[in-house]
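Visitor: Following is a predicted model, sequence given first.
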Amino acid sequence: MSFTVPDIPYAFDALEPHIDARTMEIHHDKHHAAYVNMLNGAVEAAGDACTGKSVEELICDLDAVPDAQRGAVRNHGGGHFNHSLFWSIMAADGGSPGGELAAAIDAVFGSLDGLKEALHKAGMTRFGSGWAWLCSDGGKLSTCSTANQDNPLMGPAHGGHDCGAPILGVDVWEHAYYLRYQNLRGDYLNAFFNVINWDEVGRRYGETL
Ligand code: MN
């Protein structure tokens, strides 16, 4: 019943030159694997309160996690959930937003460029390590950021927000970009926009309607 690291649905070098193969390999095989290992340890220690729950169920109801394991489940459960989402919403040739998602982006941000500007700002203004998000609350889009491995779904009491579900996230920890971009987080964010899997983001958007 323990959690496992999902395979990335493309090769480590598929996102070159925007995200380099070495970064993808270390990020998935080392960083994500460490979150999963630590999450499994915390869930085992927590016992019945956490056994059998999905990672989404765990991070959406951190109050149900025993005090002694709540911090570990927040950090490593968040890490597992966030990275699983991250791999899925990237692709070598991600296309462009379609259908209801495209209309929703235009309604809130004016254009796809407007969304990119908002997401770029969310990533750049997150001090230290964290994530920038595009969220849908029943179809209403917004951008935000969270610290560390927090996720909007954790809710305001645990570092999240009251803004619905994340449908797109970009990791702004230095481990996500330092090999290729060093201190230039903004260049990494600009490159990320070239590898967004808009079909998957649109599918996730559809689930929130
Ligand atoms: Mn990461």
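Guide: Sure thing, it's come through. Residues are numbered from 1 along each chain as shown.
Visitor: Every contact and neighbour count from this point should use C-alpha atoms.
Guide: Will do.
Visitor: how close does the most far-flung residue of the chain relative to its centre get to D113?
Guide: Distance to the chain centre peaks in the chain at D48, reaching 27.5 Å (criterion: C-alpha atoms, centre = their mean). Using C-alpha to C-alpha, to the nearest Å, we find D48 at a distance of 47 Å from D113.
Visitor: I'd guess the residue farthest from the centre of the chain is in a helix, am I close?
Guide: Yes: applying DSSP: H, G, I helix; E, B strand; the rest coil, one finds D48 inside a helix.
Visitor: State the distance from it to A42.
Guide: When D48 is compared with A42 (using C-alpha to C-alpha), they lie 12 Å apart.
Visitor: just L209 next, same as before
Guide: Counting by C-alpha to C-alpha, the gap from L209 to A42 is 34 Å.
Visitor: Of the two, which one has the most company?
Guide: A42 (22 against 11; other C-alpha atoms under 10 Å).
Visitor: Tell me which stretches of the protein form helices.
Guide: Using DSSP state H, the helices of the chain run over residues 21-26, 33-46, 55-60, 67-72, 78-88, 99-109, 112-124, 178-181, 185-192, 198-207.
Visitor: okay, those helices in TSV with mean pLDDT next?
Guide: Formatted as TSV, the helices of the chain follow (pLDDT from 0 to 100):
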stretch	mean pLDDT
helix 21-26	98
helix 33-46	97
helix 55-60	97
helix 67-72	98
helix 78-88	98
helix 99-109	97
helix 112-124	98
helix 178-181	98
helix 185-192	98
helix 198-207	98
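Visitor: do you know which of those helices lies nearest D162?
Guide: helix 55-60 (11.6 Å; C-alpha to C-alpha).
Visitor: what does the closest one contact?
Guide: C50, A64, V65, V73, R74, G77, G78, H80, F81, L153, M154, G155 (C-alpha atoms under 8 Å, 6 or more residues apart in numbering).
Visitor: what's the closest of the helices of the chain to L141?
Guide: helix 99-109 (6.8 Å).
Visitor: count of neighbours near A14?
Guide: 18.
Visitor: Pull the contacting residues for the residue lying closest to it once chain neighbours are set aside.
Guide: Excluding the flanking residues, the one nearest A14 by C-alpha to C-alpha, 6 or more residues apart in numbering is A92, at 5.7 Å. With contacts defined as C-alpha under 8 Å, 6+ apart, A92 is in contact with A14, L15, V195, I196, N197.
Visitor: what's the answer for K140, then?
Guide: By C-alpha under 8 Å, 6+ apart, the residues touching K140 are A104.
Visitor: What's opposite it in the beta bridge?
Guide: K140 forms beta bridges with D137, as assigned by DSSP bridges.
Visitor: about what we covered before: give me the buried subset of the contacts of A92.
Guide: A14, L15, V195, I196, N197 (16 or more other C-alpha atoms under 10 Å).
Visitor: For T143, which of the helices of the chain is the nearest?
Guide: Of those, the one closest to T143 (C-alpha to C-alpha) turns out to be helix 112-124, at 6.2 Å.
Visitor: Which positions in that closest one come out as buried?
Guide: Buried, per 16+ other C-alpha under 10 Å, within helix 112-124: L112, L115, K116, A118, L119, H120, K121, A122, G123, M124.
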